[in-house]
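In: Whatever this is, show me its structure:
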Amino acid sequence: MITITSVVGNMRSDKKLEVAYKKLEGESKVERILLSRMEAQRSRMRKVSDVGSDIAINIENGSTLKHGDILLANENKLIVVEYEQEDVLGFRIRDELPSDQKIAVAIKLGHMIGNLHKPICTKDNMTYIPIQSESEVEIIKNNLASIIDYIDIRHTKMVFEPEEGMEHHTH
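Out: Got it, this is the predicted structure:
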């Protein structure tokens, strides 16, 4: 069993780790641990990598594993965290709207999304929120009835990574 007590770094923000990842991936020496976003918030767990390595993770309480985190890096092996894709709903305000109307639509859309108390992620001019079911999509669309003609809504699956500081919402 491999025991992990800290994260080496993240290959998406550390060029040296990105280079090591590409090199070892070409040599088939990269192992992946697939986690749901919720699992990634746990500081203790036991997982099996995609090639069968038994891995015990025991990191500092309150730590969250991120997509792309490297748990082990040496010349023979690299173990990386990958998030599972999840259902999301994306929103984009249509470009053809006049500026003043875009502002009004953005405020209404932001208010509705905020009332859902969900984390957000922005990517490629879309704002995404995680969803749990198809019925939730219909409820959200109904709540957006007054602006539905001014926005594009996209239901898809993706690796959802909340914006920094937008993971939790409290009053």
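In: quick one, domains of the chain?
Out: Structurally, the chain divides into domains by automatic domain parsing as follows: 2-83, 86-158.
In: Now tabulate the ones you listed in a markdown table and tack on mean neighbour count, mean pLDDT and distance to Glu164.
Out: For the C-beta atoms, the positions are set from N, CA and C on the backbone; glycine is no exception. Shown next, in a markdown table, are these (neighbours: other C-beta atoms under 10 Å; pLDDT from 0 to 100; distance: least, C-beta to C-beta, whole Å):
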| stretch | mean neighbour count | mean pLDDT | distance to Glu164 |
| --- | --- | --- | --- |
| domain 2-83 | 15 | 95 | 10 |
| domain 86-158 | 14 | 94 | 10 |
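In: Longest helix in the protein, by number of residues?
Out: If you go by DSSP state H, the chain has its longest helix at helix 99-115.
In: I'd like to know which elements that helix is packed against.
Out: strand 86-93, strand 126-130 (3 or more C-beta pairs under 8 Å, 6 or more residues apart in numbering; DSSP states H and E).
In: Nearest to Ile55 among those strands would be which one?
Out: Minimum separation from Ile55 across these (C-beta to C-beta) falls at strand 86-93, 22.1 Å.
In: Verify the stated contact: Gln132 with Val88.
Out: No. Gln132 is beyond contact range of Val88, at 10.8 Å (criterion: C-beta atoms under 8 Å).
In: Now list whatever residues contact both of the two.
Out: Both Gln132 and Val88 lack any common contact, where contact means C-beta atoms under 8 Å, 6 or more residues apart in numbering.
In: circling back: Val137 is nearest to which of the helices and strands packed on helix 99-115?
Out: Of the helices and strands packed on helix 99-115, the one closest to Val137 (C-beta to C-beta) turns out to be strand 86-93, at 6.1 Å.
In: which residues touch the closest one?
Out: 36-37, 102, 105-106, 109, 113, 121, 125-132, 137, 140, 150-160.
In: Let's see it as PDB, backbone CA atoms only.
Out: Extracted in PDB, the C-alpha atoms of strand 86-93 (Å, rounded to 0.1, in the frame of the first residue of the first chain):
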ATOM      1  CA  GLU A  86     -20.500  15.600 -13.400                       C
ATOM      2  CA  ASP A  87     -23.800  17.100 -14.700                       C
ATOM      3  CA  VAL A  88     -23.700  20.800 -15.000                       C
ATOM      4  CA  LEU A  89     -25.900  23.600 -16.400                       C
ATOM      5  CA  GLY A  90     -24.100  26.400 -18.200                       C
ATOM      6  CA  PHE A  91     -25.500  29.900 -18.800                       C
ATOM      7  CA  ARG A  92     -24.400  32.500 -21.300                       C
ATOM      8  CA  ILE A  93     -26.000  35.900 -22.100                       C
END
